[in-house]
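Trainee: pasted the sequence and its predicted model underneath.
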Amino acid sequence: MKICTVSQMREADRTASEKYGIPSIVLMENAALSCVSEVGGFDSFVVLCGKGNNAGDGLSIARHLINTGKKVKVYLLFGNSFSGDARTNFEILKNMSVQFFSLSNGDIQNDIKASDCVIDAIFGTGLRGEISEDILKVFDAVNSFSNYVLSVDVPSGIDADSGKVFKNAVKADKTVTFAAYKRGLLLFPAADFAGEVKVADISIPKEVLQGVKVEVTDAKKAKSLMPKRQKNSHKGDYGKVLIIGGSEGMAGAVCLSAKAAFMAGAGLVTACVPKEINDIIGKNVVEAMTKSLDFEREHTRIIEKINDFDVVLFGNGIGRKPYVAHMLENVLAAARIPVIIDADGLFALSQKPELLKLCGENTVLTPHTMEMARLLGVSANDVEENRMDISYDFATKNGLTLVLKGNHTIITAPDGRQSVNINGNSGMATAGSGDVLAGILAGFLKGVKSPFDAAVLSVYVHGAAGDFAARSVGETSLTAGNVVSAVSHILPVEI
C-alpha cells in the first residue's frame, strides 16, 4: 500500500484521467461510494462541505445517502461557487430539490447533536493558509457534539504532507482516504485525529503509483519477504549471528536479543559479552554460545573472527564507556558482513560521528527518536516534527538502512525507498523492546535479500508479536519477554 504526498496524489489523479481515460468525476463517484459503504448503519447525517474536490466528494456522498432513504442535512460552509466535478454534483442535488444550509441560516450545533454521523468534507488535502474563526468554531462543534465522524480523504485542519495540525482540526472516528495513504495520516500529531484509516480503491490503475517509493508494510508484504526453509538443510544455512554487547547490570539486553534472533530463525547465536555476565547469558539462553572477554583490552580477539559469522549486532547493553566507540570502529573496519548498530552502539556513534564513513549498504542503524536526535545534534522535537524527511536524508546521505523507531516506525533504504510500519501498540514502549527488534533483525538478515527488506520484515513481525502478546496480557502489563515469546505464535498465523 503506497504512501503519497499531496502533489503525488494529484499527479496520479491527472494521469488516471489523461493517460487512462478515466473521467475525474468517475474517480469522485467511486470515492463517494467508498465512504457511503463505511456509514451504511447510520440513519441521519450532517454533511459539511467546503470547496473544491473534497466538497464534491461530500455532495456526492449526500446524494447517495439521500437515495438510500437516509436523513441528510447538507451544509455549504463557503457558499456554492463550485466548479468542475464539484459543480456537477451540486447541480444534481439542486435538481433533486435538496435544501442547503449555511452557517447563517442553519443551526449547525444542534444539527450535529441530532445526527448519527457527521461527514467531514471541508478541506481534505486542499487546506491552504489560515483557517477562519468561523470554521474553527465548526471544528469545535464537530469535536464537542458529534456522535460519529467520518472524514473524507483526511481530517479537515491537518496538513496532509507534514502531519501538522492547524490550531485545531476535526477529530475523526474513521478516515476514508483514496488510492493511497496520505503521508500526514501516519505522522503525529495528525495521526491522533484520523481515527481508523481505511484506504479505498477508487479505480486508479496500480501502475500509476508504481513510481512512489514510500509504502505501508502489511501482512502480505511481510509474508513475501519471509525466508524459505528447506527440508535438506542444517543450522549454518539459517545464519550465524554474533551479538557484541552487555555489561554489568545489563545482561538482559543480550539475553533478549539472542532469544529473539533464535525466534526469527537464526541457526546459531554467539553472545560475546564481558566475563562478569557470561554465566547469566549461559543460564538464560541455553541455546546460545558465549564468548567472554575483557572488552577494553581483548575485544580484537573476536573482531579478528568477525567474518566467520553472517551478521553482527553491536551495542545492546554494552554501556557508554569511552572504549566502546573504539570497539565499534574496529567492528566497522573489519566487517564484510551486515552490521546492526543499536542502543549504546548508537550512543558511541554519536560521540564519534566520523565512523559513519565506515558504514555502508550492509549497515543498519536502529535509533529511537532521542538516539536519532543525538546522531544529528538536534532536539527530539526536531526529529518528531520531520520524521519522514529526516529518515530519507540520513539514510541516503550515508548510504545505509535506517530504522527510525517510534509510532510509526519508518524504515529507509540507502536508495531512498521507505516503508512505514503501522502495527504495534503502546505497551511496547517498555524496557528491552528495542533489544527484541534488533535480535529479530539479526535473525532474519541471512535469509532476506537486502538489509532494507530484512528491516521491513523485522519491524512488522515485532509489531505483530507485540499485538499478539497485548491481546493476552494487555498493553499496560506487556514486557519485552512477552513479545519474544509471541514471535513463534504470529509467524505461522499472521505472516
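Mentor: Yep, that arrived. Numbering: from 1, shown residues only.

Trainee: any low-confidence regions in the stretch 1-150 of the chain?
Mentor: Low-confidence segments of the stretch 1-150 of the chain (pLDDT under 70): none present.

Trainee: which residue ranges of it form helices?
Mentor: With helices called from DSSP state H, counting those that start in this stretch, the stretch 1-150 of the chain shows them at 6-18, 24-36, 52-67, 84-95, 108-114, 133-145.

Trainee: chain center to the first one: distance?
Mentor: By that I understand helix 6-18. Its chain's average C-alpha position is 24 Å from that of helix 6-18, according to C-alpha atoms, centre = their mean, to the nearest Å.

Trainee: could you list the buried residues of that helix?
Mentor: By 16 or more other C-beta atoms under 10 Å, the buried positions in helix 6-18 come out as 6, 8-9, 11-13, 15-17. Where you see a C-beta, it was placed from the backbone N, CA and C, and this is true even at glycine.

Trainee: sorry, back to before: which of the helices of the stretch 1-150 of the chain is buried the deepest?
Mentor: Highest mean neighbour count of the helices of the stretch 1-150 of the chain: helix 52-67, a mean of 25 (counted as mean count of other C-beta atoms under 10 Å).

Trainee: what is the neighbour count of residue 69?
Mentor: Around residue 69 there are 8 other residues, counting by other C-beta atoms under 10 Å.

Trainee: what separation do you get for it and residue 390?
Mentor: Counting by C-beta to C-beta, to the nearest Å, the gap from residue 69 to residue 390 is 50 Å.

Trainee: pretty sure residue 185 is in a strand, no?
Mentor: No. Using DSSP: H, G, I helix; E, B strand; the rest coil, the assignment for residue 185 is helix, not a strand.

Trainee: hmm, it is touching residue 175, no?
Mentor: Yes. Using C-beta atoms under 8 Å, residue 185 is in contact with residue 175, at 6.6 Å.

Trainee: related to what we said a few turns ago, of the buried residues of helix 6-18, closest to residue 432?
Mentor: The closest of the buried residues of helix 6-18 to residue 432 turns out to be residue 8 (C-beta to C-beta; 38.1 Å).

Trainee: so what's the closest one up against?
Mentor: Residue 8 sits next to 209, 212 when contact means C-beta atoms under 8 Å, 6 or more residues apart in numbering.

Trainee: before we move on, what about residue 365?
Mentor: For residue 365, the contact set (C-beta under 8 Å, 6+ apart) comprises 340-342, 346, 349, 359, 375, 400-403.

Trainee: now, those residues that are in strands?
Mentor: Those of the contacts of residue 365 mapping onto strands are 340-341, 401-403, per DSSP state E.

Trainee: in those, find the pair that's most separated.
Mentor: Across the ones in strands among the contacts of residue 365, the two members that end up farthest from each other (C-beta to C-beta) are 340 and 402, 11.6 Å apart.

Trainee: any shared contact partners between these two?
Mentor: The contact sets of residue 340 and residue 402 overlap at 364-365 (C-beta under 8 Å, 6+ apart).

Trainee: which one of the two is surrounded by more residues?
Mentor: Taking neighbours as other C-beta under 10 Å, residue 340 and residue 402 compare with residue 340 leading, 31 against 27.

Trainee: what residues of the longest helix along the chain count as buried?
Mentor: As assigned by DSSP state H, the longest helix anywhere in the chain is helix 451-473. Using 16+ other C-beta under 10 Å as the test for burial, helix 451-473 gives 451-470.

Trainee: tell me what it is packed against?
Mentor: With contacts defined as 3 or more C-beta pairs under 8 Å, 6 or more residues apart in numbering; DSSP states H and E, the packing partners of helix 451-473 are strand 214-217, helix 219-225, strand 363-365, strand 401-404, strand 409-412, strand 418-421, helix 433-444, helix 480-494.

Trainee: with respect to residue 299, which of the ones in strands among the contacts of residue 365 is nearest?
Mentor: Residue 299 lies nearest to residue 341 out of these, by C-beta to C-beta, at 15.3 Å.

Trainee: isn't the closest one up against residue 347?
Mentor: No. Using C-beta under 8 Å, residue 341 is not in contact with residue 347; the gap is 10.0 Å.

Trainee: tell me the domain ranges of this structure?
Mentor: The chain breaks down into these domains under automatic domain parsing: 3-212, 221-494.

Trainee: how long is the shortest one end to end?
Mentor: Length of domain 3-212, first residue to last, C-alpha to C-alpha, to the nearest Å: 7 Å.

Trainee: could you check how far it is from the centre of its chain?
Mentor: Centroid separation for domain 3-212 versus its chain: 23 Å, with C-alpha atoms, centre = their mean.

Trainee: ranges for the strands of the stretch 201-350 of the chain?
Mentor: 214-217, 240-244, 268-274, 289-293, 311-314, 339-341 (DSSP state E, counting those that start in this stretch).

Trainee: neighbouring strands - and their directions - for the last one?
Mentor: Put plainly, it is strand 339-341. strand 311-314 (parallel), strand 363-365 (parallel) (DSSP bridges).

Trainee: now it: average pLDDT?
Mentor: For strand 339-341, mean pLDDT is 98.

Trainee: one more: the first one?
Mentor: Within the predicted structure, the mean pLDDT of strand 214-217 is 96.

Trainee: and that strand, what does it pack against?
Mentor: Where contact means 3+ C-beta pairs under 8 Å, 6+ apart, strand 214-217 is packed against strand 3-4, strand 418-421, helix 451-473.

Trainee: what sits up against it?
Mentor: Counting by C-beta under 8 Å, 6+ apart, 1-4, 181, 183, 186, 221, 388, 411, 417-422, 456, 459-460 sit against strand 214-217.

Trainee: sorry, back to before: let's have the strands paired with strand 339-341 in TSV, adding mean pLDDT and distance to residue 204.
Mentor: As requested, those are exported to TSV (pLDDT from 0 to 100; distance: least, C-beta to C-beta, whole Å):
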stretch	mean pLDDT	distance to residue 204
strand 311-314	98	40
strand 363-365	98	34
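
Trainee: pick the most deeply packed of those.
Mentor: In terms of average neighbour count - mean count of other C-beta under 10 Å - the standout among the strands paired with strand 339-341 is strand 311-314, at a mean of 28.

Trainee: run the chain-centre distance for it.
Mentor: 25 Å.

Trainee: need the overlap of contacts for residue 185 and residue 175.
Mentor: Joint contacts of residue 185 and residue 175 (C-beta under 8 Å, 6+ apart) are 154, 194, 197.

Trainee: returning to that earlier point: which of the helices and strands packed on helix 451-473 sits closest to residue 310?
Mentor: Short answer: helix 433-444, nearest of the helices and strands packed on helix 451-473 by C-beta to C-beta, at 9.1 Å.

Trainee: between that closest one and helix 480-494, how big is the angle?
Mentor: 40 degrees (axes from the mean of the first three to the mean of the last three C-alpha atoms, to 10 degrees).

Trainee: all helices of the stretch 251-400 of the chain, in order?
Mentor: 251-263, 278-284, 295-298, 300-303, 323-334, 344-351, 369-376, 380-385, 387-398.

Trainee: present the strands paired with strand 339-341 as TSV; the columns should include distance to residue 79.
Mentor: Formatted as TSV, the strands paired with strand 339-341 follow (distance: least, C-beta to C-beta, whole Å):
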stretch	distance to residue 79
strand 311-314	61
strand 363-365	52
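
Trainee: re the thing from before, now the strands of the stretch 201-350 of the chain as CSV including distance to residue 40?
Mentor: Formatted as CSV, those follow (distance: least, C-beta to C-beta, whole Å):
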stretch, distance to residue 40
strand 214-217, 26
strand 240-244, 51
strand 268-274, 52
strand 289-293, 59
strand 311-314, 50
strand 339-341, 48
